[in-house]
Structure formats: C-alpha cells, structure tokens
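Engineer: next input, structure requested:
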Amino acid sequence: MTLDELNRHFDLRSELNTANEMLESMRSAAEPGAQKITGMPRASGAHDMVGALAIEIVTLEESIAELKKEVAESEPYIKAFVEEISDIQLRTIFRLRFLCALSWKEVAAIVGGRNSEDSVRMACYRYLGM
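Structural biologist: The predicted structure is shown next:
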C-alpha cells in the first residue's frame, strides 16, 4: 500500500464528510420556517430560495452517492492493510487517519502519550518506508 493510495482514500472520506455537513446545512435552510415571512410585497428579481436549495440538495445527494461508492470500493483494501500492522499504536494511527479521516492533530490527541501531530505523521511515513 502506498501513501498515495492511503491519501486518496483519506481525501475521499474527508470530501464525503464535508459533503454530508453541507447537505445537513442545506436541508436546515430549506425547512419550513427557515424563511422570513414579512408580508411585504416582493421586489423584482426575487427568487425561490427553497426551490433553488432543493435543486442543490438533489445535486449534492448525487455527489454523495458517488463518493460513498468510491469509498466503498477502496475501503476493504485499506482496512486489510491496516489490520496487518502488528503494532497496536501504529495500527490505531493508521485507522484514525485513513479510515476515520481525522487530521494529524486529532490523531495525536487521541493517541496521547505526548505524541504531536508531527510524531504520528512521521511514524506513519516511517512505516511506509518514506
């Protein structure tokens, strides 16, 4: 397994997480009651925000479905690679970074033991022979 393959999976997971957050935000903005109803007449050029959001929501849902498919295709290979790592701390670092898509700083905080983001990153790179 190469760092490029691992980073590709990490990028897919990160993009999927971001897209899911955006989708939730759009859904909240499109819910009834999210719009301001003032009773005042509309000016020219007014638009249907809920209608526009509905289109964006559908488009984003399609993108999320494609991302999920890509993640599902690469995840078994990443999981198999990570499970072969004999050192439990290193295996945890790989799992948190590449399967959970956490930042190096978040990985270091979870692993603990006075590890910094640089130390967990370098442990990963050393294992990969870089």
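
Engineer: okay, and R126 sits in which element?
Structural biologist: helix 117-127 (DSSP states H and E).

Engineer: neighbouring contacts of that helix?
Structural biologist: 3, 85, 89-90, 93-94, 97, 103-105, 107-108, 111 (Cβ atoms under 8 Å, 6 or more residues apart in numbering). Where C-beta positions appear, they are placed from N, C-alpha and C, glycine not excepted.

Engineer: next, count neighbours for the closest residue to R27 other than its chain neighbours.
Structural biologist: In space, and not counting its chain neighbours, R27 is closest to I57: 6.5 Å by Cβ to Cβ, 6 or more residues apart in numbering. Using other Cβ atoms under 10 Å, I57 has 17 neighbouring residues.

Engineer: now the helices for the protein?
Structural biologist: 3-30, 49-83, 88-94, 104-111, 117-127 (DSSP state H).

Engineer: tabulate the ones you listed in TSV, adding columns for mean pLDDT.
Structural biologist: TSV is the format used below for those (pLDDT from 0 to 100):
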stretch	mean pLDDT
helix 3-30	92
helix 49-83	91
helix 88-94	96
helix 104-111	96
helix 117-127	96
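
Engineer: what sits against the closest residue to C100 other than its chain neighbours?
Structural biologist: Excluding the flanking residues, the one nearest C100 by Cβ to Cβ, 6+ apart is R13, at 7.5 Å. Contact partners of R13, counting by Cβ under 8 Å, 6+ apart, are 71, 98-101.

Engineer: next one: L67
Structural biologist: 12, 15-16, 19.

Engineer: most surrounded residue in these?
Structural biologist: L12 (20 neighbours).
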